[in-house]
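Colleague: Next one to model:
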Amino acid sequence: MPTDIVVLAAGKGTRMNSSLAKVLHPLAGEPMIHHVIKTAQRLEPRHIAVVIGHQGADVRAALAAQNDSGNLIWVEQEQQLGTGHAVKLAKDHLPDDGAMLVLYGDVPLITEDTIRACEDAAHQGQLGLVVAEFNDPAELGRIIRDDTGAVQEIVEFKDATPEQRQISEINSGILAAPLKNMAQWLGRLQSNNVQQEYYLTDIIAMAVQDGVDVVPIQASSEVEVTGVNDRVQLAQLERHAQKRLVEQLMLDGASFADPARVDIRGQVRVGKDCFIDANVLLTGEVELSDGVRIGPGCVVSDSRIGAGTEVLANTVVDGADVGPDCSLGPFARVRPGSVLGTGVKIGNFVETKKTRLGDHSKASHLAYLGDAEIGSEVNIGAGTVTCNYDGVNKHPTNIGDGAFIGTNSTLVAPLNIAAKAFVAAGSALTKDVAAEQLAVGRSRQRNIDGWSAPTKDSEN
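Modeller: The predicted structure follows:
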């Protein structure tokens, strides 16, 4: 039986106090609704109907990259008349057969196992309903059971009696049922309640009345079915999301100095025996090979780091391809387009951008290397700068294998320094250097006797 999934994402999120639609607020570096759609896609549904309203165009644009399979359907809910109304609008865009599963764009940590169990109940002709026990159920809808423990209905908090409000088992809102049943129940919904809205939860009592089994599916924790209504709840879920991500990386082979002091905002893959120190931020697509060590305070974004490489404290690696057995930092900045070979050393306060360094080359301190092709076994002295920008265009610097660039050298591009050339310290070069030549590009020193040091003006 095919499954169609409905994701409700039309709410304004007033309590977020934000100009950004609620479902677009980031969780672990991605809009909340991305997490929901990714989990939904794992069920390989026939369609995913996303009900949008407030800032619908922004939500649609944010999900464009997740529609590779082309199964996203957009449903406009111009009037906010309740969850039942939203699902009914979605139903009108879906086929009449199969099963329907309802998810929420602001419940981002729902798991595949839970919604798959819900889907399985629908495939068996039942109504699967995700429930959970909350220590403080607050204003969530309560699950009403009979003496045998069978689910009879859901009562919304505003419509509940004082006795019903004492119930700790809550409705998550996530449910699934055969689409033919859903269509019938949705058509019978009425808005005769305090909110004067069409409650999706009213279909539970209809299912019981029609003799359809209601199968309660227990969520693994409160967190899994917690919705985000304000920034406090969002921050709480962020911590839980980070805990999940870090625990998965530990299972994959990484160790953490303090799992609570690492943030992951993207897709991170680790090899065996990686070590990640405190206050590290990993963003975008990051791959750490076996034995990589990341020091405290580092930021690694959209980069691949080879086996055995160590990234020392407070180093930024962004958009780089780093080979094995390298040493980066401390306080280094490896910028986009940097490609480092085996055993490369990038030391403290060295910055690279769109630069390739061959095997075992090193820039140990205080250098800027931009738009450069640097061979293997090259030494870049402290204070070296590739002057790659003329105010309009960028120009390349090419340095051959085994070259030695002395301290405080200024390399004015375009410039070619051939293999095993030697650049004397303090040189400013504007002309190419041939293989094994010594280049000295500095003015002759003069020592002047009898000079007078400047004195301070009495008026200042």
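Colleague: Settle this for me: residue 240 is touching residue 223, isn't it.
Modeller: Yes. Counting by Cβ atoms under 8 Å, residue 240 does reach residue 223; the two are 4.7 Å apart. Heads up, the C-betas are built off the backbone N, CA and C, glycines and all.
Colleague: Need the overlap of contacts for those two.
Modeller: Counting by Cβ atoms under 8 Å, 6 or more residues apart in numbering, the contacts common to residue 240 and residue 223 are residue 109.
Colleague: Which parts of the stretch 51-200 of the chain are helices?
Modeller: In the stretch 51-200 of the chain, the segments counted as helices under DSSP state H, counting those that start in this stretch are 56-62, 83-91, 112-123, 179-187.
Colleague: State the number of residues packed around residue 149.
Modeller: 7 (other Cβ atoms under 10 Å).
Colleague: So it versus residue 310, what's the distance?
Modeller: As for residue 149, its distance to residue 310 is 58 Å (criterion: Cβ to Cβ, to the nearest Å).
Colleague: For the nearest residue to residue 212 once chain neighbours are set aside, give me its contacts.
Modeller: Spatial nearest neighbour of residue 212, chain neighbours left out: residue 127 (5.6 Å); criterion: Cβ to Cβ, 6 or more residues apart in numbering. Contact analysis of residue 127 by Cβ under 8 Å, 6+ apart lists 121, 175-177, 181, 203-204, 207, 212-215.
Colleague: one more time with 10 Å, if that's ok
Modeller: For residue 127, the contacting residues are 118, 121, 151, 175-178, 181-182, 185, 203-204, 206-208, 210, 212-216, by Cβ atoms under 10 Å, 6 or more residues apart in numbering.
Colleague: Drop anything exposed from those.
Modeller: Using 16 or more other Cβ atoms under 10 Å as the burial test, the contacts of residue 127 include 118, 121, 151, 175-178, 181-182, 185, 203-204, 206-208, 212, 214-216 as buried.
Colleague: Quick check: residue 4 is in a helix.
Modeller: No. Using DSSP: H, G, I helix; E, B strand; the rest coil, the assignment for residue 4 is strand, not a helix.
Colleague: and the end-to-end length of stretch 316-329?
Modeller: 9 Å (Cα to Cα, to the nearest Å).
Colleague: cool, stretch 373-389 as well?
Modeller: Using Cα to Cα, the end-to-end distance of stretch 373-389 comes to 15 Å.
Colleague: So which bits of that stretch are buried?
Modeller: Using 16+ other Cβ under 10 Å as the test for burial, stretch 373-389 gives 373-388.
Colleague: Just the ones of these in strands?
Modeller: Secondary structure defined by DSSP state E assigns 373-374, 379-380, 385-387 of the buried residues of stretch 373-389 to strands.
Colleague: how about these, which pair is most distant?
Modeller: For these, the maximum inter-member distance is 19.2 Å, found between 379 and 387 (Cβ to Cβ).
Colleague: contacting residues for residue 130?
Modeller: With contact taken as Cβ under 10 Å, 6+ apart, residue 130 is in contact with 102-103, 107, 110, 114-115, 117-118, 170-176, 215-219, 224-225.
Colleague: Now with 7 Å, please.
Modeller: 114, 118, 172, 174-175, 217, 219, 225 (Cβ atoms under 7 Å, 6 or more residues apart in numbering).
Colleague: how many neighbours does residue 133 have?
Modeller: 14.
Colleague: my bad, residue 286
Modeller: Neighbour number of residue 286 under other Cβ under 10 Å is 21.
Colleague: Excluding covalently adjacent residues, which one is nearest to it?
Modeller: residue 268 (4.6 Å).
Colleague: Near the one you found, how many other residues are there?
Modeller: Around residue 268 there are 23 residues (other Cβ under 10 Å).
Colleague: Could I get the phi/psi values of it?
Modeller: Backbone torsions of residue 268, given as degrees, to the nearest 10, read phi -120, psi 130.
Colleague: residues in contact with it?
Modeller: 249, 282, 286 are the contacts of residue 268 under Cβ under 7 Å, 6+ apart.
Colleague: try residue 158
Modeller: 194-195.
Colleague: related to what we said a few turns ago, for the helices of the stretch 51-200 of the chain, state which one has the densest average packing.
Modeller: Mean neighbour counts were compared across the helices of the stretch 51-200 of the chain using mean count of other Cβ atoms under 10 Å; the top stretch is helix 83-91, at a mean of 23.
Colleague: Mind listing residues that contact it?
Modeller: Residues contacting helix 83-91 (Cβ under 7 Å, 6+ apart): 6, 8, 10, 49, 51, 75, 77, 102, 173, 182-183, 186, 189, 198-200, 202.
Colleague: before we move on, what about stretch 301-318?
Modeller: Residues external to stretch 301-318 that are found in contact with it (Cβ under 7 Å, 6+ apart): 271, 283-300, 319-336.
Colleague: From those residues, which land in strands?
Modeller: 283-288, 293-294, 299-300, 321-322, 327-328, 333-334.
Colleague: Residue 35 in helix, strand or coil?
Modeller: Classified using three-state DSSP, residue 35 is helix.
Colleague: Is it in contact with residue 27, as I believe?
Modeller: Yes. The pair residue 35 and residue 27 qualifies as a contact (Cβ atoms under 7 Å) at a distance of 6.3 Å.
Colleague: Show me which of those two is the more surrounded one.
Modeller: residue 27 (22 against 19).
Colleague: want to try a markdown table for the contacts of residue 130, with distance to residue 349 and pLDDT as columns?
Modeller: Listed next are the contacts of residue 130 as a markdown table, based on distance: Cβ to Cβ, whole Å; pLDDT from 0 to 100:
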| residue | distance to residue 349 | pLDDT |
| --- | --- | --- |
| 114 | 49 | 97 |
| 118 | 55 | 97 |
| 172 | 52 | 94 |
| 174 | 52 | 97 |
| 175 | 57 | 97 |
| 217 | 56 | 96 |
| 219 | 50 | 96 |
| 225 | 48 | 96 |
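Colleague: Can you add distance to residue 166 and give those residues back as TSV?
Modeller: As requested, the contacts of residue 130 are exported to TSV (distance: Cβ to Cβ, whole Å):
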residue	distance to residue 166
114	26
118	27
172	19
174	23
175	24
217	23
219	20
225	20
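Colleague: Just the ones in strands from those, please.
Modeller: Those of those lying in strands (DSSP E): 172, 174-175, 217.
Colleague: between those, which has the most around it?
Modeller: residue 175 (30 neighbours).
Colleague: looking at it, it is touching residue 128, isn't it?
Modeller: Yes. If you go by Cβ under 7 Å, residue 175 and residue 128 touch, sitting 6.2 Å apart.
Colleague: what do those two both touch?
Modeller: When contacts are counted by Cβ under 7 Å, 6+ apart, residue 175 and residue 128 are jointly contacted by residue 118.
Colleague: low-scoring pLDDT stretches of the protein, where are they?
Modeller: 458-460 (pLDDT under 70).
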